[in-house]
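J.: sequence below, structure please.
(2 chains)
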Amino acid sequence: MASTPLYEPAGTNPIRRNQRKYTVRRWSVRHARLLEWFYTVFADLLLELHPLWNLIGYSRVEGTVVVLERAAKGFLFDCQMCGQCVLSSTGMSCPMNCPKLLRNGPCGGVRANGNCEVEKEMPCVWTEAWKGSQQMKGGDKIETVQLPHDQSLRGTSSWLRSTAMRAEERGK
Amino acid sequence: MTDHDSSQPLPPLPGHSSRGRLERILRQGDFAITAELNPPDSADPNKVYEQASVFEGWVDGINATDGSGANCHMSSMAICALLTRTGHAPVMQISCRDHNRIAIQGNVLGAAAMGVNNILCLTGDGVQAGDQPGAKPVFDLDSLSLLATIKQMRDESRFLSGRKITEPPQVFLGAAANPFAPPHDFRAKRLQKKINAGAQFIQTQYCFDIPMLENYMAQVRDLGLDEKCFILVGVGPLASAKSARWIRANVPGIHIPDSVISRLEGADDQKREGRNLCIEIIQQLHEMKGVAGIHVMAYRQEELVSDIVHQSGVLKGRKPWRKEVNPGDYAAAEAMEAILHEVD
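T.: From the prediction side, this is the model:
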């Protein structure tokens, strides 16, 4: 059973696929405080532009924003576009990179060296998240229970969604 | 209790979530014992009853694993449904690896209808660990959102969607914890999160390292978590130094210190030494503040459980449930014997 397979597709080996990515991902966690500050400013900017989004129509800007969001967050966090971003509660380590898609903390299988049980070359997303959250002002948010992820939001813009929600709250 | 039909739920008590024995024992403050049943690779119900019978009179709950280690076996729900027929107190395990939220909520209602009183919410091992690595991992929920989902079903009589449930599932909710895996300073906080999400009892990973557990329990006590849930620490006998090495290298999340392995290696009878070590650990756990009981996982050595529990002395004379022999059975046996004698 443990014999080497005859053919192993290069692009689908999760280890090889991810190896080159960990560098930026880990940089983001090390600079979680900086990114947290940036995110606060950026979110406020998006909120200030709410009248503009409203004028054009949120659904019409969605397509463009999704492309930008995927490129930016994809580069920094290996973002998977779950559509319900929780980076600010997870130490700037994207939980959707966990092979078990855990959004509430590490599983019991984390290796003694802090690497993932499933992908043994990858640092556990949640050991990273814990490190990142320690630097952040709102690091306590890692203790919030995240309710089930709405899978129907996959591929949609988290930025626009949270902007619209904040605008609605502000309007109340 | 003697006139109570054990296949029927116990009368409801205030402050209790379920009508099962395990919750009663824990809330009474008794040192509780649960054990893990080895699920059969068979469609024969008698295999389940045989497996359960070795625990009778020694445990307060029997865990039916749900594809543990991502291997196929009889389902947890079916094993639990069989066990409730005979009056055992099963703990149903739900692993998020194999079911989405629609299947899980349906199974929770079904299990409660079959008389299951205890549910353990797990994320589950990755599919790569088991015999079907080509399977599609589901992971629609994680262990915490699973806890929150069942808690909502029980306490608010609503599905996740908000739709009404006419008779909510009265279950005692459990979760797992691994005090022995990194990030160590996050583990107690994670337990707190699980309690906030709905966990009422905890069954931990195997404990072979008392000082490491003591360190974790100190953090748990500082957060006051031992007052908010019942912690059952996982224990089990190691069969030999070789198998301990194999487990350490191949089973995710199990921490076995070198001192344990060298102690087994130095023993003449390694199996016996593994059993003695297990008994010693149980006795130390019994003295540890905040530990409400033990969860014995003696995979393929289930017949040792009764002896281990007996030798440890932690029951202090308390006798867990066992099937009462029906007085009618004695009469039938005597009548049968009389008939056989007449034939002679």
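J.: count of neighbours near residue 139?
T.: I went with chain A, as the question did not name one. When neighbours are defined as other C-beta atoms under 10 Å in any protein chain shown, A:Gly139 has 19 of them. Yep, even glycine has a C-beta here, placed from its N, CA and C like the rest.
J.: that answer is for a different chain, and I need it for chain B
T.: Per other C-beta under 10 Å, the neighbour tally for B:Phe139 reads 23.
J.: which ones are touching the closest residue to it other than its chain neighbours?
T.: Leaving out its chain neighbours, the residue that sits closest to B:Phe139 by C-beta to C-beta, 6 or more residues apart in numbering or on different chains is A:Leu101, at 4.4 Å. Listed by C-beta atoms under 8 Å, 6 or more residues apart in numbering or on different chains, the contact set of A:Leu101 reads A:Pro95, A:His149, B:Phe139, B:Asp142.
J.: mind checking the SS state of B:Thr204?
T.: The three-state label given to B:Thr204 by DSSP: H, G, I helix; E, B strand; the rest coil is strand.
J.: count of residues packed around it?
T.: B:Thr204, neighbours per other C-beta under 10 Å, totals 23.
J.: beta partners for it?
T.: B:Ala177 (DSSP bridges).
J.: what do you get for B:Val233?
T.: The partner residues for B:Val233, given DSSP bridges, come to B:Ile294.
J.: can you report phi and psi for the residue nearest to B:Phe139?
T.: phi 50, psi 40 (degrees, to the nearest 10).
J.: so which bits of chain A are right by chain B?
T.: Taking C-beta under 8 Å from any C-beta of the partner chain as the contact definition, chain A meets chain B at A:99-114, A:117-118, A:124, A:126-127, A:130-131, A:142-143, A:145-149, A:151.
J.: which of these are buried, as a ChimeraX select command?
T.: In ChimeraX, this line selects whichever of the residues of chain A next to chain B come out buried by 16 or more other C-beta atoms under 10 Å in any protein chain shown:
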select /A:99,100,101,102,103,104,105,106,107,108,109,110,111,114,117,118,124,126,127,130,131,142,143,145,146,147,148,149
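J.: turn the contacts of A:Leu101 into CSV, including secondary structure and distance to A:Leu76.
T.: Formatted as CSV, the contacts of A:Leu101 follow (DSSP: H, G, I helix; E, B strand; the rest coil; distance: C-beta to C-beta, whole Å):
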residue, secondary structure, distance to A:Leu76
A:Pro95, helix, 15
A:His149, coil, 20
B:Phe139, coil, 24
B:Asp142, coil, 24
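J.: which of these sit farthest apart?
T.: A:Pro95 and B:Phe139 (11.2 Å; C-beta to C-beta).
J.: identify the contacts common to the two.
T.: Applying C-beta under 8 Å, 6+ apart, one finds that A:Pro95 and B:Phe139 are jointly contacted by A:Leu101, A:Leu102.
J.: low-confidence ranges, chain A, go.
T.: Applying pLDDT under 70 to chain A picks out residues A:1-4, A:8-21.
J.: helices along that one, start to end?
T.: Under the criterion DSSP state H, chain A contains helices at A:14-19, A:22-30, A:32-48, A:50-56, A:58-77, A:125-135, A:158-171.
J.: quickly compare those and say which is most buried.
T.: helix A:125-135 (a mean of 24; mean count of other C-beta atoms under 10 Å in any protein chain shown).
J.: for it, list the C-alpha coordinates in PDB.
T.: This file holds the C-alpha atoms of helix A:125-135, laid out as PDB (Å, rounded to 0.1, in the frame of the first residue of the first chain):
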ATOM      1  CA  VAL A 125      -2.900  27.500   9.800                       C
ATOM      2  CA  TRP A 126      -4.000  27.800  13.400                       C
ATOM      3  CA  THR A 127      -0.600  27.800  15.100                       C
ATOM      4  CA  GLU A 128       0.100  30.700  12.700                       C
ATOM      5  CA  ALA A 129      -3.200  32.300  13.500                       C
ATOM      6  CA  TRP A 130      -2.400  32.100  17.200                       C
ATOM      7  CA  LYS A 131       1.000  33.800  16.600                       C
ATOM      8  CA  GLY A 132      -0.600  36.600  14.500                       C
ATOM      9  CA  SER A 133      -3.400  37.200  16.900                       C
ATOM     10  CA  GLN A 134      -0.900  37.800  19.700                       C
ATOM     11  CA  GLN A 135       0.300  40.900  17.900                       C
END
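J.: how close does the closest residue to B:Ser7 other than its chain neighbours sit to B:Pro9?
T.: Residue nearest to B:Ser7 in three dimensions, not counting chain neighbours: B:Gly87, with 4.6 Å by C-beta to C-beta, 6+ apart. To B:Pro9, B:Gly87 is 11 Å away according to C-beta to C-beta, to the nearest Å.
J.: tell me which residue in the stretch 51-200 of chain B sits closest to chain A.
T.: The minimum distance from the stretch 51-200 of chain B to chain A, using C-beta to the nearest C-beta, falls at B:Asn178 (3.2 Å).
J.: contact partners for A:Ser88?
T.: Listed by C-beta under 8 Å, 6+ apart, the contact partners of A:Ser88 are A:Glu36, A:Tyr39, A:Met136, A:Gly138, A:Lys141.
J.: with B:Gly198 instead?
T.: B:Gly198 neighbours (C-beta under 8 Å, 6+ apart): B:Leu147, B:Ala148, B:Ile150, B:Lys151, B:Leu173.
J.: switch the cut-off to 10 Å
T.: Going by C-beta atoms under 10 Å, 6 or more residues apart in numbering or on different chains, B:Gly198 touches A:145, B:17, B:121, B:144, B:146-152, B:154-155, B:173-175, B:229.
J.: tell me the phi and psi of the residue nearest to the spatial centre of chain A?
T.: By C-alpha atoms, centre = their mean, the mean C-alpha position of chain A lies nearest to A:Cys94, the distance being 3.1 Å. Main-chain torsions, A:Cys94, degrees, to the nearest 10: phi -70, psi 120.
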